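Undergrad: sequence? don't have it. structure:
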């Protein structure tokens, strides 16, 4: 039996999870447990796609963000999650680049090469809809995984099914932090 593919859009997941539970820390979050709750089993390949922060030795904020992100990457890899990196462009603010394209490519390539049976997309980014439609034409089920406080109607309408992440699910997967 083929594995299911679960793709996290890291930035979308971060903001959606924080909207549900502001105090949850995602650096030591149990992603494997959340995937089991979403997909209903543990026969899954998990990808986490995110823009990589580059540290600037003259910018303390970039150094802190970089260190935190490296901790996140380590934690994800310890759970068997494949980290796929875009990059961060900084012009007054950070802007993620290349992540949506990576997600779209993985959805379409995996569908055409028959690498998964179902793809769970943890993102609310509608730029990915053309890739979703192409994967569905190839006979794949693409399941939109959104947050119960902010549902993308466009993704819900264009995906095979919808699964919603609730506050209870986030809290159940959050590891207790030591004080």
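TA: Arrived safely, thanks for sending. A quick note: this is a predicted structure, and the numbers were derived from the prediction, not measured.
Undergrad: okay, CA-based contacts and neighbour counts for the rest of this
TA: OK.
Undergrad: Now tell me what touches stretch 157-171 from outside.
TA: 17, 20-21, 24, 34, 37-38, 129, 132-133, 141-148, 156 (Cα atoms under 8 Å, 6 or more residues apart in numbering).
Undergrad: Show only the entries of these found in strands.
TA: Cross-referencing the contacts of stretch 157-171 against strands under DSSP state E gives 141-147.
Undergrad: Helices along the protein, start to end?
TA: 10-20, 31-39, 60-78, 99-112, 129-137, 153-158, 167-173 (DSSP state H).
Undergrad: Can you give me the neighbour number for the residue nearest to residue 49 when sequence neighbours are not counted?
TA: Spatial nearest neighbour of residue 49, excluding adjacent residues (Cα to Cα, 6 or more residues apart in numbering): residue 84 at 4.7 Å. Neighbours of residue 84 under the rule other Cα atoms under 10 Å: 19.
Undergrad: mind starting the numbering at 666 from now?
TA: Okay, residue one is now 666; in that scheme the one you just asked about reads as residue 749.
Undergrad: for the protein, which spans come out with low pLDDT?
TA: Applying pLDDT under 70 to the chain flags residues 666, 752-761, 841-844.
Undergrad: give me phi/psi at the residue of it positioned farthest from its centre?
TA: Relative to the centre of the chain, the most outlying C-alpha is that of residue 723, 30.4 Å out, by Cα atoms, centre = their mean. For residue 723, the backbone dihedrals (degrees, to the nearest 10) come out as phi -100, psi 0.
Undergrad: who touches it in this structure?
TA: So residue 723 contacts nothing (Cα under 8 Å, 6+ apart).
Undergrad: Can you tell me how far it is from residue 735?
TA: According to Cα to Cα, to the nearest Å, residue 723 stands 19 Å off from residue 735.
Undergrad: Now do the contacts for residue 815.
TA: residue 681.
Undergrad: hmm, try it at 7 Å
TA: Contact analysis of residue 815 by Cα atoms under 7 Å, 6 or more residues apart in numbering lists nothing.
Undergrad: how much space between it and residue 796?
TA: 22 Å.
Undergrad: one step back: ok, of the ones in strands among the contacts of stretch 822-836, which come out buried?
TA: 806-812 (16 or more other Cα atoms under 10 Å).
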